[in-house]
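K.L.:
Task: produce atomic coordinates for the following.
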Amino acid sequence: MSFCKIAAVAMLTALVSPVSGAMAHDSPDHAFEAARVNTMQEATLAFLASLDVEQRAKATTSLDDNVARTSWSNLPLSMAPRAGVAIKEMTGEQRRAFHAMMAAAFSSQGYLKTTTIFWHEDVLHSIVADFLASMPDDDPRKSQGLQFLENYDSELFFVSVFGDPNSRNWGWTVTGHHYAANFTVADGKIAFMPLFLGANPQVIPSGKYAGWRILQHEADRAFALLDTLDESQMRTAVVAEEVDAVVFAGPGKQPEGDAPVGIKASELTPLQRRLLRGVIDEYLADASDEAALRQREAIAQDGMDALHFAWWGPTDDPAARYMFRVHGPSILIDYVRERSADGGYNHVHSIARDPSNDYGSEWLKLHYEEAHQE
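P.N.:
Down below sits the predicted model:
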């Protein structure tokens, strides 16, 4: 049954059902979430059914396999080999089923960001190939560069499915260069973190796609909040004048137990709190409405005193190297500008995590410990 049909039934159910108090990480509308879970399940089963026996063996593993569930990375493939089935190995039918599975879990915004990051690998390939073509053939860096160039490919994204989608607990991961999505269904609830998104170059500098930009609204929303802080608030929010690379909560750097830094949301004005919610909503809105609503409720129940906004680096230059963080018990958002080939920082990494429930671990009662990755 399609999500639209199930959602229509869910709406009627919601209208006639009594409203009960929501618990932490508990959806205020179970019927709509049940419809979404059903759609995700059908799409994932259809994807698995499209695979041949060998592909299905590569694509599936146990939900409690710690190594498999946490081995995603943002690095190029040659630096961080991936498990699962690559898009490059899929037929046209399998690719259509794969994208249907992705679209069933994401919002339109999240799916568009995903596919743009995939496409961007081909843009990066073209940029690097043009640069290498301009180098002398006897330059040893050229042969090395040509070998590494093969990493930049929109087909080098890998999918793994964990557990049995016919059961109550299961999930999937898709990972490749500058990308990792982790969705978990646990007893009818949807978790969608960690979610890593990145781009290099963040703004395409020249050529056919000059001016196209990826992950721009995340930064714009953070700067909109930063620009409203007074001097006293700024002194509290800015942690350091330079970015500390080890702070970013990327692969292998789970935020469990990390003390929040920066300014408390309770110390912000009503307008500033609204702008902070805008930063958070930009990330939550990548998931389906149902998953985002559950996460939003959990953050709200944590309270304003538990939520912090922090900044590293310059506060007046959107092209400089800076990092911002939003941190609370149920959300951790990091966004950082990294070094790019042109000598600037036209290269971004961004991640959303749930310190209390990454990989749906709280609901599954499983502990997933990420191995440290360089």
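
K.L.:
center of the chain - which residue?
P.N.:
Geometric centre of the chain, nearest residue: Leu195, 2.1 Å, by Cα atoms, centre = their mean.

K.L.:
and that one, what does it touch?
P.N.:
Residues counted as contacts of Leu195 (Cβ atoms under 8 Å, 6 or more residues apart in numbering) are 180-182, 283, 286-287, 351-353. C-beta: built from backbone N, CA, C; applies to glycine.

K.L.:
Out of those residues, flag the one nearest to Tyr359.
P.N.:
Asn182 (6.0 Å; Cβ to Cβ).

K.L.:
So the closest one belongs to a strand, correct?
P.N.:
Yes - checked against DSSP: H, G, I helix; E, B strand; the rest coil, Asn182 lies within a strand.

K.L.:
Serialize the contacts of Leu195 to CSV and add fields for pLDDT, distance to Ser126 and neighbour count.
P.N.:
As requested, those are exported to CSV (pLDDT from 0 to 100; distance: Cβ to Cβ, whole Å; neighbours: other Cβ atoms under 10 Å):
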residue, pLDDT, distance to Ser126, neighbour count
Ala180, 98, 24, 24
Ala181, 98, 25, 25
Asn182, 98, 29, 25
Tyr283, 98, 29, 25
Asp286, 98, 26, 23
Ala287, 98, 31, 26
Ile351, 98, 27, 24
Ala352, 98, 29, 26
Arg353, 98, 32, 26
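
K.L.:
Can you give me every residue that contacts the residue nearest to Ala298 when sequence neighbours are not counted?
P.N.:
Counting by Cβ to Cβ, 6 or more residues apart in numbering, the nearest residue to Ala298 once its immediate chain neighbours are dropped is Ser330, at 4.1 Å. Going by Cβ under 8 Å, 6+ apart, Ser330 touches 24-25, 295, 298-299, 301-302, 354-357.

K.L.:
Restricted to buried residues, select those residues in PyMOL.
P.N.:
Provided next is the PyMOL selection string for whichever of the contacts of Ser330 are buried by 16 or more other Cβ atoms under 10 Å:
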select buried, resi 25+295+298+299+302+354+355+356+357
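
K.L.:
these two touch, right, Pro201 and Ser340?
P.N.:
Yes - in this structure, Pro201 is within contact of Ser340 by Cβ atoms under 8 Å, at 5.9 Å.

K.L.:
which residues are common contacts for these two?
P.N.:
Joint contacts of Pro201 and Ser340 (Cβ under 8 Å, 6+ apart) are 346-347.

K.L.:
okay, those two: which has more neighbours?
P.N.:
Per other Cβ atoms under 10 Å, whichever of Pro201 and Ser340 has more neighbours is Pro201, with 21 against 16.

K.L.:
my guess is the more buried one is in a strand, correct?
P.N.:
No - judged by three-state DSSP, Pro201 forms no part of a strand; its state is coil.

K.L.:
show me the contacts for the nearest residue to it once chain neighbours are set aside.
P.N.:
Excluding the flanking residues, the one nearest Pro201 by Cβ to Cβ, 6+ apart is Asn346, at 4.4 Å. Neighbour list for Asn346: 200-203, 205, 319, 337, 340 [criterion: Cβ under 8 Å, 6+ apart].

K.L.:
per the record, what domains does the chain have?
P.N.:
36-191, 216-359 (automatic domain parsing).
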